[in-house]
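Asker: What would the 3D arrangement of this be:
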Amino acid sequence: MEKLTDKLFTVKYNEDTGKPHIEIVDQNVCFKKCTGKYCNHFCPAGVYEWNEEQKKNLVSFGNCIECGACSIGCPFDNIACRSPRGGYGVRYQHG
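Answerer: The predicted model follows:
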């Protein structure tokens with residue numbers, strides 16, 4: 001059985017660098033309150049990566065597959081998630 005990560009190459013994302021559709025609301029919450037760094041584990045596309053040196057989550061929103069996990073997965077409700085504006089976002093292809 002194939003895994004989701006085996007299919008990520010079939011997702012095309014038109015990145016809107018001027019207006020990210022997902023972002024961390026307050027990096028201090030990630031640093032001080034979130035010991036589990038949950039978003040680094042529940043996101044199937046690897047959008048979030050904890051950077052120990054910078055003490056913050058790096059967000060690669062261009063990796064996003066718009067699955068909605070981040071809108072319900074953060075126990076601190078610290079991820080702002082919006083639909084990308086028209087013409088941007090995920091474009092799925094069969095693969």
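Asker: what bits of this structure have low per-residue confidence?
Answerer: Scanning the chain for pLDDT under 70 picks out 1-17, 90-95.
Asker: redo that, cut-off 90
Answerer: In the predicted model, the chain carries pLDDT under 90 at residues 1-22, 45, 60-68, 70-71, 81-95.
Asker: just so I have it, where are all the helices in it?
Answerer: Assigned by DSSP state H, the chain shows helices spanning 4-7, 27-32, 39-42, 69-73.
Asker: Point me to the residue sitting closest to the centre of the protein.
Answerer: Computing the C-alpha centroid of the chain and ranking residues by C-alpha atoms, centre = their mean puts V47 first, at 3.6 Å.
Asker: For N51, give me its contacts.
Answerer: N51 makes contacts with N57, L58, as judged by C-beta atoms under 8 Å, 6 or more residues apart in numbering. For the C-beta atoms, the positions are set from N, CA and C on the backbone; glycine is no exception.
Asker: Could you do I22 as well?
Answerer: For I22, the contacting residues are V47, V59, F61, C64, C70, I79, A80, C81, R82, by C-beta under 8 Å, 6+ apart.
Asker: out of everything not next to it in sequence, what's closest to the fourth one?
Answerer: Going back to what we said before, that points to C64. Spatial nearest neighbour of C64, chain neighbours left out: V47 (5.3 Å); criterion: C-beta to C-beta, 6 or more residues apart in numbering.
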